[in-house]
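> Show me how the following folds:
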Amino acid sequence: MHRTTSVVFAGPVSPGLTLSPLRRGRGDPCYHDAPDGAIWRTSLMRSGPVTARITKSAPNTVDCEAWGAGAAEFIESLPAQLGLDDDASSFRPDEPTLAEARRRVPHLRLGRTGRVLEALIPAVLEQRVAGKDARRAWRRLVTRYGAPAPGPAPQHMRVPPSAQVWHRIPSWEFHRANVDPGRARTVVACAQRADSLERLVDREPAAARAALMLLPGVGEWTAAETAQRALGDADALSVGDYHIAKMVGWSLLGYPIDDPAMVELLEPMRPHRHRAVRLLEVSGLAVNPRFGARQPIPNLRAI
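Model prediction:
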């Protein structure tokens, strides 16, 4: 199946800014930035696998070609993925740095994929480890257990595994991917509850985050990272991230702060706390001196 569409916005649009949080590293088998400016994505929709090529044809227009059994469903969800219905009209920050960030990037939109498990599992893999370790694990597992991407996709691309496949991955394969038993158990437990998880898209984002945190191994950070991508949750603050609180502190106050201080500082931004952080990141105004990396996990493959 092959489908095409164009999404027209009322003003300038940047699909790269909106979709880039979906990319799990440069080697992500489910996301590829092509040299010609096109964004290639794969997904496993309810109706089946899909490969999409997304391009910008005018300052306010995004075009998409999609291939595979899930193409029609993907095309239908594309406006939400691109943030067409993202409402930032009530976000009017008085804080000078955030106000300047808003002025610099007024066209930032937060997208919503509607695919909860696809956002949740890579977030679980990213718990408590260096980003490069998590990206390597995601790449290895998806390349090995994902399906070939339909259509004329770049050769390395794969469709994310289904819940049934994630559930059946042997423990030693997680070990070879350098995923510790705790995260592996959480991935499998999430896959077992996939049907219930996908229904969270019908809830208010805060209620969906609370439901995610009922899962063993899923805390506030993981729920927020999932809600940002799957639900377009503009208020999902990534409390527990190694870098974000420090970045917010340096950017807005001139010195690093911890999570409780960040929560207090951004409280006036509700219901746009994640939007405020994202604006800092993409506006060029984020200040984040790096004094160390997130704590890496041991090389389990050598044990």
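> wait, doesn't residue 153 sit right on residue 39?
No - under the criterion of Cβ atoms under 8 Å, residue 153 is not in contact with residue 39, lying 12.0 Å apart. C-beta: built from backbone N, CA, C; applies to glycine.
> what touches both of those two?
residue 32 (Cβ atoms under 8 Å, 6 or more residues apart in numbering).
> Now do the contacts for residue 197.
Taking Cβ under 8 Å, 6+ apart, one finds 116-117, 120, 190, 212 in contact with residue 197.
> let's see it at 6 Å
Going by Cβ atoms under 6 Å, 6 or more residues apart in numbering, residue 197 touches 116-117.
> Would you mind measuring from it to residue 118?
Distance, residue 197 to residue 118, using Cβ to Cβ, to the nearest Å: 10 Å.
> same thing with residue 237?
21 Å.
> again, but for residue 230
From residue 230 to residue 118 the distance is 7 Å (Cβ to Cβ).
> Of residue 237 and residue 118, which one has the most company?
Neighbour count, other Cβ atoms under 10 Å: between residue 237 and residue 118, residue 237 has more, with 25 against 22.
> doesn't residue 273 make contact with that one?
Yes - with contact defined as Cβ atoms under 6 Å, residue 237 reaches residue 273; the gap is 4.3 Å.
> Now the longest strand seen in the chain: buried residues?
Of all segments of type strand in the chain, defined using DSSP state E, the longest is strand 48-58. Going by neighbour count (16 or more other Cβ atoms under 10 Å), the buried part of strand 48-58 is 48-56.
> Name the next helix or strand downstream of that strand, please.
Beyond strand 48-58 on the C-terminal side, the first helix or strand identified by DSSP states H and E is strand 61-67.
> Partner strands of that following strand and their direction?
Paired neighbours of strand 61-67 in the sheet (DSSP bridges): strand 2-8 (antiparallel), strand 48-58 (antiparallel).
> Residue 117 - nearest residue in space that isn't next to it in sequence?
residue 194 (5.1 Å; Cβ to Cβ, 6 or more residues apart in numbering).
> and the gap between the one you found and residue 111?
Taking Cβ to Cβ, one finds residue 194 at 21 Å from residue 111.
> Can you pick out the residue with more neighbours from these two?
Between residue 194 and residue 111, residue 111 has the larger neighbour count (other Cβ under 10 Å), namely 26 against 18.
> ok so, going back, how close does the residue nearest to residue 117 sit to residue 200?
Counting by Cβ to Cβ - residue 194 and residue 200 are separated by 11 Å.
> Also residue 95?
Residue 95 is 32 Å from residue 200, where distance means Cβ to Cβ.
> ok, the two, which is more surrounded?
In terms of neighbours (other Cβ under 10 Å), residue 200 is the more surrounded of residue 95 and residue 200; the figures are 22 against 16.
> Can I get stretch 66-81 in CSV? Just the C-alpha atoms.
C-alpha atoms of stretch 66-81 as CSV (Å, rounded to 0.1, in the frame of the first residue of the first chain):
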residue,chain,number,x,y,z
ALA,A,66,4.0,6.2,3.2
TRP,A,67,4.3,2.5,2.3
GLY,A,68,3.1,-0.7,4.0
ALA,A,69,-0.1,-2.1,5.5
GLY,A,70,-0.1,0.7,8.1
ALA,A,71,0.3,3.5,5.5
ALA,A,72,-3.3,4.8,5.6
GLU,A,73,-3.4,4.9,9.4
PHE,A,74,0.0,6.6,9.6
ILE,A,75,-1.2,9.3,7.1
GLU,A,76,-4.3,9.8,9.2
SER,A,77,-2.2,10.4,12.3
LEU,A,78,0.4,12.6,10.6
PRO,A,79,-1.1,16.0,11.6
ALA,A,80,-1.0,15.0,15.2
GLN,A,81,2.6,13.7,14.9
